[in-house]
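Student: Please find the sequence and the predicted model below.
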Amino acid sequence: MSGKTRAFFTFTTLLCLTTLLAGCAGQKAGTKSSVVDYLYPNIEQKTITPSIPKLKLPLKVGIAFVPESSDKDYGYNEWTSKRYDGSLQETVKMELLSKVAQQFKQLDYVQTIEIIPSAYLTPGGGFNNLAQIKTMYEVDVVALVAYDQVQFTHEGLSSLSYWTIVGAYVVKGEKNDTNTMMDTVVVDIDSQKMLFRAPGISRVKGTATPVNQSEQLKADSEQGFDLATSDMITNLHTQLAMFEQDIQNNNKTVEVSYKPGYSSSSGTIHVVLLILAYALVRRKRVV
């Protein structure tokens, strides 16, 4: 083999290896859904003016994941020829919704909580779709759950950029990161008014060899969703307690009335119990 041939062969080999490794290092996989995209698909064409919510207690609450975005980042492992993304299976969604539903079931002012399958929500369906769900499930308000998860194996790639109903949320990623955001937005269907929201975030720092990368990313994805859901539920508990006090005070943000057989006295007792429980927890922490 001549010197020129050997040099050309060496250059070609290095170029192929560099391209291959760069392809593996630069992989990014992600999946997301957005409450904003679901509720306001044509926001630039229409001005929406919510009215004051008129809540009749106890409430019937629906809870559902908003449709997943069709804009995904698919990862591809060059070593194993496996294509992957972080899409949530319906069974996993139902498990996560059940955890969130438990927070509502504990509330005196909630009569029922209905877990709504994803198939009943249409992409960009907005409040017209929610009106259909209101008729089908006889719910008053709905808790819409969205998520954004990005996994990548290259430093410097922008990671998670999620536009929430109250503004942008951006997290810069690093190598082998799995960044996840969960977001629950509770909406009164009739008034088209957001009552409150509760976000949750997580970051899983993983390690993976090129061969087991797909399996490790899948495990990190599941852990990321679980941790973000736990964080969201903690924030949801706080928001529900604050909202309950708003109901008891019957402030200007909502108008409250009561269905036959229900009064505000039981709700007041529930607020007192929440305050006592919070005081006990703080006391234990101090001790």
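Tutor: Nice, thanks for sending it over.
Student: remind me which residues of this protein are low pLDDT?
Tutor: Residue ranges of the chain with pLDDT under 70: 1-29, 43-48, 70-86, 153-175, 207-214, 250-252, 263-287.
Student: what about the helices in it?
Tutor: Ranges of helices in the chain, per DSSP state H, are 3-25, 35-39, 90-105, 126-137, 213-249, 264-286.
Student: which other residues reach the third one?
Tutor: This means helix 90-105. Helix 90-105 has contacts (C-beta atoms under 8 Å, 6 or more residues apart in numbering) with 61, 63-65, 88, 110, 113, 115, 117-118, 143, 145, 184, 222, 225, 229, 232-233, 236-237, 240. C-beta: built from backbone N, CA, C; applies to glycine.
Student: Return it as PDB; C-alpha atoms alone will do.
Tutor: Provided in PDB are the C-alpha atoms of helix 90-105 (Å, rounded to 0.1, in the frame of the first residue of the first chain):
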ATOM      1  CA  GLU A  90     -52.100   5.300  27.600                       C
ATOM      2  CA  THR A  91     -51.700   2.900  30.500                       C
ATOM      3  CA  VAL A  92     -49.000   5.100  31.900                       C
ATOM      4  CA  LYS A  93     -51.100   8.200  31.500                       C
ATOM      5  CA  MET A  94     -54.000   6.600  33.400                       C
ATOM      6  CA  GLU A  95     -51.600   5.700  36.200                       C
ATOM      7  CA  LEU A  96     -50.300   9.300  36.400                       C
ATOM      8  CA  LEU A  97     -53.900  10.700  36.300                       C
ATOM      9  CA  SER A  98     -55.000   8.400  39.100                       C
ATOM     10  CA  LYS A  99     -52.200   9.900  41.300                       C
ATOM     11  CA  VAL A 100     -53.400  13.400  40.500                       C
ATOM     12  CA  ALA A 101     -57.000  12.500  41.000                       C
ATOM     13  CA  GLN A 102     -56.300  11.400  44.600                       C
ATOM     14  CA  GLN A 103     -55.600  15.000  45.400                       C
ATOM     15  CA  PHE A 104     -59.100  16.000  44.300                       C
ATOM     16  CA  LYS A 105     -60.800  13.100  46.000                       C
END
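Student: Only the buried residues of that helix, if you could.
Tutor: By neighbour count on 16 or more other C-beta atoms under 10 Å, the buried set for helix 90-105 is 93, 96-97, 100-101, 103-104.
Student: Cheers, nothing more for now.
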